[in-house]
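1. please work out how this folds:
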Amino acid sequence: MAASVEQVSHLAAPAGKVWARAITPEGINHELGPWLRMTMPPGLRGATIDDARVGERLGRGWLLLGGVLPVNYDDLCLAEVEPGRRFLERSSMLSLRVWQHERIVEPAAEEGCTVTDRLSLRLRRPLAWIPGADRIAAAIVGRLFAHRHRRLATHFEA
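-> Numbering: from 1, shown residues only. Next comes the predicted model:
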């Protein structure tokens, strides 16, 4: 069974500035910090999500606890990119058979913008066989993305 999570935030910053920050390695790692850091796969080194090859495996980016201890990897593949607005990642991870992450950054009716992250995940075996494991994984991902949105908001408040 697939689990899903959605996180929506309204930021007092222009959509273009938020997008430009969120698609860079620095922006990604700021959102994950200080708990996690992600190494960039070969297909994204020196580039942003807007520059990446769509529909091709970009390689593995490792998630490092405390910036040093490998705890998971993301075998990254961007399925769709609408530069300046949206990306859809369909990948697999060490712990997840399916990892889908869609981020949309849109101008808001009022000043600022809205950032929406939609995530779907399916655990690998044997984790998938543990009763309630999908709910636990969704809760962890939900907390991680709530943290990412707080970090993003804090960056643009400064």
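
2. show me what the lengthiest strand in the chain is packed against.
-> Counting by DSSP state E, the longest strand found in the chain is strand 69-82. Packing partners of strand 69-82 (3 or more Cβ pairs under 8 Å, 6 or more residues apart in numbering; DSSP states H and E): strand 57-65, strand 86-93. For every residue, glycine as well, the C-beta is placed using N, CA and C.

3. okay, now the sheet partners of the longest one, with direction.
-> Right, strand 57-65. Strand pairing for strand 57-65, determined by DSSP bridges: strand 36-38 (antiparallel), strand 69-82 (antiparallel).

4. also the shortest one?
-> Next to strand 86-93 in the sheet, as set by DSSP bridges, lie strand 69-82 (antiparallel), strand 96-107 (antiparallel).

5. for the residue nearest the centre of the chain, give me its contacts.
-> Central residue of the chain (Cα atoms, centre = their mean): His101, 6.0 Å from the mean position. Residues in contact with His101 (Cβ atoms under 8 Å, 6 or more residues apart in numbering) are Leu88, Glu89, Ser91, Asp117, Arg118, Leu119.
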